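> Requesting a structural model of the entry that follows:
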Amino acid sequence: MNEKRIQIGEIATAHGIKGFVKLRSFVDDDSLFEDGTVFTSETGAKTLSFKIRGAVKKDLLAEVTGVSDRNGAEALRGTKLYIDRDALPETDDGEYYIEDLKGLTVVDRQGNDIGTILSVENFGASDLLDIKPQSGQSFYIPFTDETVLEVDFDAGKVTVELPETL
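Numbering: from 1, shown residues only. Next up is the predicted model:
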C-alpha cells in the first residue's frame, strides 16, 4: 500500500535475569513476532529481533537477539515495536488495518464532506470511527455495515450513512 510503519506491540518489561522480555502484542496474529522478524523502534534508530519462548499471561515471553542480561532487557522497557506496513498480511474483505483508515475523507451518500478519520476506537461494545469535521469537535460513529457503506482506498474516502442521532 505505501511505506508506512505500523506499531504492532511494545516491550512491557524485563523477565528474569537472562535478557528475556515480555512483549505486549497489539495484533491478533502473534505469528508476526516469529523468529527473525526485524522490528524498529519508534524513531527507526533501533532494530530488534526476537525468539519467542512462550507466553506469560497476556504477553509473549521473548529472547531479544543480542541481549543477554536483565540490565539490557530493562533498557528496552517501553520500546514500541514497529513493522513495515507491507510486511503485514493482506486483510480479508471488510477487514482493515486502523493505520490504513486514518486520514481518509468521510463523505455521505451524496458525496458531502463530513470530515477525516482520526482513529478507530473500541470502548467495549464495538469499533467506532473518530471523525474530525472541518470545524468543531470530533465525534464517533459506529463502524458497522449499516453505517459504513464503502471504503475506497483508491479514492481516499469512506462513504457513510450517518445515524439519525447525529
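
> Let me know the pLDDT of residue 142.
pLDDT for residue 142: 94.

> can you pull the contacts of it?
126-129, 163 (Cβ atoms under 8 Å, 6 or more residues apart in numbering). In short, each C-beta sits where N, CA and C put it, glycine included.

> and it, what are its bridge partners?
residue 128 (DSSP bridges).

> separation between residue 11 and residue 33?
11 Å (Cβ to Cβ, to the nearest Å).

> Same check on residue 156?
For residue 156, the distance to residue 33 - Cβ to Cβ - is 31 Å.

> tell me the domain ranges of the chain?
Domain ranges of the chain: 5-87, 100-160, per automatic domain parsing.

> per-stretch mean pLDDT over those, give me the minimum one.
Looking at the domains of the chain, the bottom one is domain 5-87 with a mean of 90.

> and the end-to-end length of it?
9 Å (Cα to Cα, to the nearest Å).

> ok, back up a step: find residues that contact each of residue 11 and residue 33.
Joint contacts of residue 11 and residue 33 (Cβ under 8 Å, 6+ apart) are residue 23.

> More neighbours: which of the two?
residue 11 (25 against 21; other Cβ atoms under 10 Å).

> Helix, strand, or coil at the residue located most distally from the centre of the chain?
Distance from the C-alpha centroid of the chain, by Cα atoms, centre = their mean, peaks at residue 110 (30.9 Å). Put simply, residue 110 is coil when judged by DSSP: H, G, I helix; E, B strand; the rest coil.

> What residues of stretch 98-108 count as buried?
Using 16 or more other Cβ atoms under 10 Å as the test for burial, stretch 98-108 gives 99-101, 104-107.

> So which of those belong to helices?
99-101 (DSSP state H).

> thinking again about what came up before, please identify which of the domains of the chain is closest to residue 93.
Smallest distance to residue 93 across the domains of the chain (Cβ to Cβ): 10.3 Å, for domain 100-160.

> Now do the closest one: distance from first to last residue.
For domain 100-160, the end-to-end distance is 17 Å (Cα to Cα).

> Please work out how many residues are found near residue 72.
Counted with other Cβ under 10 Å, residue 72 comes out at 15.

> So it, which state does it fall into?
helix.

> same question, the one 4 residues further on
Per three-state DSSP, the local secondary structure of residue 76 is coil.
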